[in-house]
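# Sequence and predicted structure below; questions after.
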Amino acid sequence: MNNNLIAIIGGTGKSGQYLVQALLQRGYSLRLLHRHPENLLHFPPAVRVIKGDARDEAAILQLLEGCSAVISTLGQPAGEPPIFSTATGHVLRAMNLQGLSRYIVATGLSVDSPQDHKSPWVQEASGWMHAHYPATTADKQAEYELLQSSPLHWTLVRLPRIVLTHERKDIKVSLNDCPGQQVHACDLAGFLAGLLEQEQYLRTAPFIASL
């Protein structure tokens with residue numbers, strides 16, 4: 001296992017690209033999963049792209065080989081069945097097989113945890129997601145339940161609207177309510193990368209926001 005090698009799922013997505021930059025700036029080497037790597041622009045030598053889909057268990061096994069941790073900023077492919085619980089199920093099994101313990105996942109604020117005290121606007125936003133994207137929203141909740149049943153060192157980071165900007169702000173974190181209505185992509189990237197280097201939020205589902 002290479003302690004400096006991190007597996008990334010969703011690293012070529014809109015917010016995932018900020019995460020890749022943040023990790024490279026911190027000196028990590030990365031392994032990314034992508035269905036069509038031939039369509040990607042050139043990456044630096046510290047990045048290796050693995051061809052595959054997060055719903056393919058064999059691809060996940062290959063992605064994780066030799067890595068010390070996994071971070072997922074996976075998005076839902078348009079027009080396809082929900083992907084999140086399937087991908088996380090594959091990741092958890094591969095981690096157990098390969099002796100990994102650290103898994104960091106980004107998700108939406110609609111996910112509920114037992115200690116939540118969501119404010120009215122968060123409840124309204126969650127209700128909107130349940131009404132308009134019921135299958136995907138239910139699948140994200142199922143992903144959380146999979147994590148809860150796992151003995152691994154996971155963190156599920158719950159997010160409001162992501163603003164794609166390099167403008168940095170202060171991050172506020174809460175375990176029971178979303179502290180703001182947006183998070184800057186660069187702040188999210190820094191928070192996710194920082195979780196690799198501390199143990200404060202192990203086996204919890206913090207909300208974060210940029211203020």
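Happy to help now that I have it.
# what are the ranges of the helices in this protein?
With DSSP state H, the ranges of helices along the chain come out as 14-25, 57-64, 84-98, 120-132, 134-148, 185-195.
# looking at the ones you listed, which is buried most?
Neighbour counts (mean count of other CB atoms under 10 Å) averaged over each of those peak at helix 185-195, with a mean of 22. (Each C-beta comes from the backbone N, C-alpha and C, glycine too.)
# who does it touch, helix- and strand-wise?
helix 14-25, strand 102-108, strand 153-159, strand 161-163, strand 171-174, strand 207-210 (3 or more CB pairs under 8 Å, 6 or more residues apart in numbering; DSSP states H and E).
# hmm, try it at 6 Å
Applying 3 or more CB pairs under 6 Å, 6 or more residues apart in numbering; DSSP states H and E, we find helix 185-195 packed against helix 14-25.
# picking that back up, of the helices of the chain, which is nearest residue 161?
Across the helices of the chain, residue 161 has its closest neighbour in helix 120-132 (8.9 Å, CB to CB).
# Give me the residues contacting that closest one.
109-110, 137, 178 (CB atoms under 6 Å, 6 or more residues apart in numbering).
# Centroid-wise, who is the farthest residue in the chain?
Each residue of the chain has a distance to the centre, and by CA atoms, centre = their mean the biggest one is for residue 120: 25.3 Å.
# pLDDT at that residue, what is it?
Residue 120 carries a pLDDT value of 97.
# And for residue 40?
pLDDT for residue 40: 67.
# what's the answer for residue 37, then?
With respect to pLDDT, residue 37 has a value of 68.
# And for the closest residue to residue 115 other than its chain neighbours, the neighbour number?
Of all residues beyond its chain neighbours, the one nearest residue 115 is residue 176 (5.3 Å), with distances taken as CB to CB, 6 or more residues apart in numbering. Residue 176 has 14 neighbouring residues, counting by other CB atoms under 10 Å.
# ditto for the one 5 residues further on
Residues lying near residue 181 (other CB under 10 Å) number 13.
# How much space separates the residue farthest from the centre of the chain from residue 126?
Separation of residue 120 from residue 126 (CB to CB, to the nearest Å): 11 Å.
# Against residue 95, how distant is the residue nearest to residue 115?
On the measure of CB to CB, residue 176 and residue 95 end up 27 Å apart.
# same thing with residue 131?
34 Å.
# ok so, going back, wait, what's in contact with the residue nearest to residue 115?
Contacts for residue 176 were tallied using CB under 6 Å, 6+ apart; they are 115-117.
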